[in-house]
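>>> 3D, please:
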Amino acid sequence: MSARAAGAEPGPGTGEGAVTIRPRLALRLAWIGAVLTLGLFVVIAVILRTSETGVFFRLADQVSMVLLGAFIAAGILLFARPRVRADSRGIEVRNTVLPKYLRWEDVRGIAFPDGASWARLDLPDDEYLPVLAIQAVDRQHAVDAIRALRALHAGQQSTTS
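Coordinates of the predicted model:
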């Protein structure tokens with residue numbers, strides 16, 4: 001049974017003024033790196049049986065090389081996972097594996113400190129949560145993303161005051 005069928009609230013990024021943000025350059029580089037890595041391991045696996053190295057390689061060795069390349073490529077693709085989904089109720093930040101949801105009341109501000117590579121959410125008690133989906137190398141895309149998130153945060157601040 002889905003969350004909506006159970007009568008639960010829809011997730012972040014589905015409400016009024018919903019925003020979804022993903023990095024641009026990191027996404028492209030991760031996919032290119034994963035494809036090149038897997039391709040390299042496939043080529044190495046093919047060459048293992050055809051070249052004279054003095055060592056006898058079997059089919060299992062070739063399959064192992066391709067699987068090793070696939071695991072490394074999957075690790076590289078973790079850099080393609082950062083995402084932010086936000087709406088008027090809160091923000092969900094997924095940096096690599098697990099998403100973290102915060103209500104806007106729990107967020108003090110959205111910052112992009114000078115010299116930082118990515119944005120962060122300022123939380124109570126001088127804590128912060130890095131937001132890998134908004135990266136400095138994305139330039140104007142990052143600026144637009146910060147503005148959109150700050151507008152959502154400010155809108156929530158004004159409704160609770």
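
>>> I figured Pro124 hits Gly109, correct?
No: Pro124 is beyond contact range of Gly109, at 10.8 Å (criterion: CB atoms under 8 Å). (Glycine included, C-beta is placed from N, CA and C.)

>>> Compare those two (neighbour count), which wins?
More neighbours surround Gly109 than the other of Pro124 and Gly109, with 13 against 9 (other CB atoms under 10 Å).

>>> and the gap between the more buried one and Asp87?
Distance of Gly109 to Asp87, given as CB to CB, to the nearest Å: 18 Å.

>>> do Arg147 as well
To Asp87, Arg147 is 16 Å away according to CB to CB.

>>> Neighbour count: these two, which is higher?
Using other CB under 10 Å as the criterion, Arg147 and Asp87 rank with Asp87 on top: 21 against 11.

>>> just checking, the more buried one touches Gly17?
Yes: the criterion here is CB under 8 Å, and Asp87 meets it with Gly17 at 6.2 Å.

>>> Low-confidence regions, this structure specifically.
Low-confidence segments of the chain (pLDDT under 70): 1-16, 51, 53, 157-161.

>>> Quick one: residues contacting the most centrally placed residue in it.
Nearest to the mean C-alpha position of the chain, by CA atoms, centre = their mean, lies Pro82 at 1.0 Å. Contact analysis of Pro82 by CB atoms under 8 Å, 6 or more residues apart in numbering lists 22-23, 26, 94-96, 131-133.

>>> And this protein, what are its domain boundaries?
Here the domain parsing of the chain from automatic domain parsing is 26-78, 82-160.

>>> Next, the distance between the ends of the shortest one.
For domain 26-78, the separation between the terminal residues is 10 Å (CA to CA, to the nearest Å).

>>> ok now that domain, how far from the chain's centre?
Centre-to-centre, domain 26-78 and its host chain are 24 Å apart (CA atoms, centre = their mean, to the nearest Å).

>>> Likewise for the last one?
For domain 82-160, the separation from the chain centroid amounts to 13 Å (computed by CA atoms, centre = their mean).

>>> circling back: deepest-packed of the domains of the chain, please.
domain 82-160 (a mean of 16; mean count of other CB atoms under 10 Å).

>>> Can you name every helix or strand that the longest helix along the chain contacts?
Ranked by number of residues, the top helix in the chain under DSSP state H is helix 25-50. Contact partners of helix 25-50 among helices and strands, from 3 or more CB pairs under 8 Å, 6 or more residues apart in numbering; DSSP states H and E: helix 59-77, strand 127-135.
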